[in-house]
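1. Give me a 3D structure for the following:
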Amino acid sequence: MTLPVLSRRLILAAGLVLSATPAFAAEEKVKLLVGYQDLTVPSTVEASKVLEGAPYEVQWVILPGPAAQLSALYSKNIDVGHMGDTSLIIEQGKAKEDWDPARPPLQIVAGWRATDAKYPPIVTVARADAGINTLADLRGKTWAYNFGGFNYLQYVLSGIKAGLTPKDYEPVQLGDQNASAAAFNSGRAQAYSGSIAPVAEGIERGSAKVIVTSDALDIPALNVFTARGDVLKDPAKAAALADFLARVRSHWTWYANNLDTVEKLYVEKVKQTPTRAKLTTAYQNATFQPLDDKLVEREQKIADILFEAGAIPKKIDVSVEFNRAFNTATVGGN
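-> Alright, predicted model coming up:
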């Protein structure tokens, strides 16, 4: 049977479209959607120009708080999220189903922190006028924190070290560390656990004082990038992620060599006060850290403590949460 001319033309057109599709797809750039909780690192990465010439596209998505980052990862609105190194301990520990080591839903691919002991990344602080000199003095006081990540861990471990439970004080849980720090800075809370940067001005003035640091509680306190399992199994996206991390590693070198530029950037683009910008510049002068056996051992100890304290309902193996394949890109090792 002879097909009508119009039908033959449609089939020919369809064939041309199908044959052209692979060539078009090959030319299309991979896009990495990278979540971050504020404008600090996205701004310094942009200023360093390390992403210029990248054979893929990076789109930053600002989502305050680890809970928002995790939600966006699960909904596939981002490929990589920014959170603390213990966020996945809480996530895995509270998951209804055990994580399959062969197919973990999320994995940490890189972690970084400032290594100068003068700048502890996470702290529990008290207002100077609150009569709090030790952790035990938190009894009966208002204590601000945000759920998820190492801010929450700082809060939990501080309470354990003090021998207190939430019944012994007034917990003030807020959406992210900026909100909890604002409550503390304004006097609506007498204590705070979280990043030191938002409360550093008060510490400098003497209106706030550090009660215990994350280092004293043996919390690694890494900022981390966490990726979805399907992103890591996609060869094109995994290759782009490795290259992205290598470029961010170069950015940290640029950062350390351009502290005045970074400080100005935090004032002009991130809209921080000059005092806070100066402190944030010092606190965030970081380097990538290896995802190795030593780190996993420390994280496992934390997971066990959280389980024993009832902060997570089941005992977990944290090794499933770390993907070491990107160590070559971040620290030049395996």
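2. I figured residue 201 hits residue 277, correct?
-> No. Here residue 201 does not reach residue 277: they are 10.4 Å apart, not a contact under C-beta atoms under 8 Å. No exception for glycine: its C-beta is placed from N, CA and C like everyone else's.
3. which of the two has more neighbours?
-> Of the pair residue 201 and residue 277, residue 277 is the one with more neighbours under other C-beta atoms under 10 Å, namely 21 against 17.
4. Now the element after the host helix or strand of that one, going C-ward?
-> The secondary structure element spanning residue 277 is helix 274-283 (assigned by DSSP states H and E). Next along the chain after helix 274-283, taking DSSP H and E as the criterion, comes strand 287-289.
5. quick one on the thing from earlier: could you give me the buried positions within the helix holding residue 277?
-> By neighbour count with 16 or more other C-beta atoms under 10 Å, helix 274-283 contains the buried residues 276-283.
6. and what of stretch 317-332?
-> 318, 320-324, 326-327, 329-331.
7. Max pairwise distance over those residues: which two?
-> 318 and 329 (21.8 Å; C-beta to C-beta).
8. Tell me the strands beside the helix or strand hosting residue 125, with direction?
-> According to DSSP H and E, residue 125 maps onto strand 122-127. The pairing partners recorded for strand 122-127 under DSSP bridges are strand 191-195 (antiparallel), strand 208-213 (antiparallel).
9. What residues sit buried inside stretch 57-67?
-> Residues of stretch 57-67 classed as buried: 58, 60-61, 63-67 (neighbour count, 16+ other C-beta under 10 Å).
10. Which of those residues fall in helices?
-> Using DSSP state H, the subset of the buried residues of stretch 57-67 located in helices is 66-67.
11. any idea which of the buried residues of stretch 57-67 is least confident?
-> Least confident entry in the buried residues of stretch 57-67, by pLDDT: residue 65, with 86.
12. average pLDDT for stretch 211-219?
-> Rounded mean pLDDT across stretch 211-219 is 92.
13. For that stretch, buried residues please.
-> Judged by neighbour count using 16+ other C-beta under 10 Å, the buried positions of stretch 211-219 are 211-214, 217, 219.
14. Out of those, which comes closest to residue 240?
-> Taking C-beta to C-beta as the measure, residue 219 is the one of these closest to residue 240, at 31.1 Å.
15. Settle this for me: that closest one is touching residue 122, isn't it.
-> Yes. Distance between residue 219 and residue 122: 6.3 Å, which falls inside the contact criterion (C-beta under 8 Å).
16. which neighbours do those two share?
-> Between them, residue 219 and residue 122 have 150, 154 as joint contacts when contacts are counted by C-beta atoms under 8 Å, 6 or more residues apart in numbering.
17. Listing request: residues of this protein with sub-threshold pLDDT.
-> When residues are selected by pLDDT under 70, those of the chain lie in 1-27, 148.
18. tell me the domain boundaries of it?
-> Dividing the chain into domains by automatic domain parsing, as the record does, gives the ranges 29-114+221-330, 122-213.
19. one step back: mind listing residues that contact the helix holding residue 277?
-> Identification of contacts with helix 274-283 by C-beta under 8 Å, 6+ apart yields 40, 114, 116, 118-119, 121, 195-198, 200-201, 204, 259, 262-264, 266-267, 270, 272.
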